[in-house]
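K.L.:
Sequence first, predicted model second:
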Amino acid sequence: QVQLVESGGGLVQPGGSLRLSCAASGFTLDSHPIGWFRQAPGKGREGVSCISSSDGFTYYADSVKGRFTASRDNAKNTVYLQMNSLKPEDTAVYYCATSLDPSIIATMSPRAMDYWGKGTLVTVSS
């Protein structure tokens, strides 16, 4: 049974940092793309980053490039999202997700993902 469980969200001041974790079970992380997504109040879900299943290359949305870093610990079957220089516009519920479709190597399209965690709330505010 595929499960994804996010943790690490919270309240942080602008310019601060947080590290999110996504613990996976029921599948092997390095065999499937694993993405981080977010949904701000009143907005649609958007892709933040994705680690490719083919070579581990990580893609980022332009809005987070240079500030966010996604990484994967295969031994722990856990993915992380290190978020630095946080801005109020980063406030959102953050989700990790994966696709078990073997034809999908990497994507930041929410519609392409099959399994989702329940999300963790990140609030950036002074």
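P.N.:
That came through fine.
K.L.:
make it CA atoms for all contacts and neighbour counts henceforth
P.N.:
Noted.
K.L.:
In contact with G8, which residues are there?
P.N.:
L18, R19, L20, S21, T120 (Cα atoms under 8 Å, 6 or more residues apart in numbering).
K.L.:
Pull up the gap between it and D62, please.
P.N.:
23 Å (Cα to Cα, to the nearest Å).
K.L.:
same question, L4
P.N.:
Counting by Cα to Cα, the gap from L4 to D62 is 25 Å.
K.L.:
quick one, which of those two is more surrounded?
P.N.:
L4 (22 against 9; other Cα atoms under 10 Å).
K.L.:
Walk me through which strands the helix or strand where that one lies pairs with, and which way each runs.
P.N.:
Using DSSP states H and E, L4 sits within strand 3-7. According to DSSP bridges, strand 3-7 forms sheet pairs with strand 18-25 (antiparallel).
K.L.:
Hmm, L121 and Y94 touching each other?
P.N.:
Yes. The criterion here is Cα atoms under 8 Å, and Y94 meets it with L121 at 6.2 Å.
K.L.:
Verify the contact between D114 and P102 for me.
P.N.:
No. D114 is not in contact with P102 according to Cα under 8 Å; the separation is 11.8 Å.
K.L.:
what's the distance between the helix or strand following the strand holding L4 and the middle of its chain?
P.N.:
Using DSSP H and E, the next helix or strand after strand 3-7 towards the C-terminus is strand 10-12. Computed by Cα atoms, centre = their mean, to the nearest Å, the chain-centroid distance of strand 10-12 equals 17 Å.
K.L.:
so for strand 10-12, what's the average pLDDT?
P.N.:
On average, the pLDDT along strand 10-12 is 98.
K.L.:
same check, this time on stretch 105-124
P.N.:
96.
K.L.:
Understood, closing this out.
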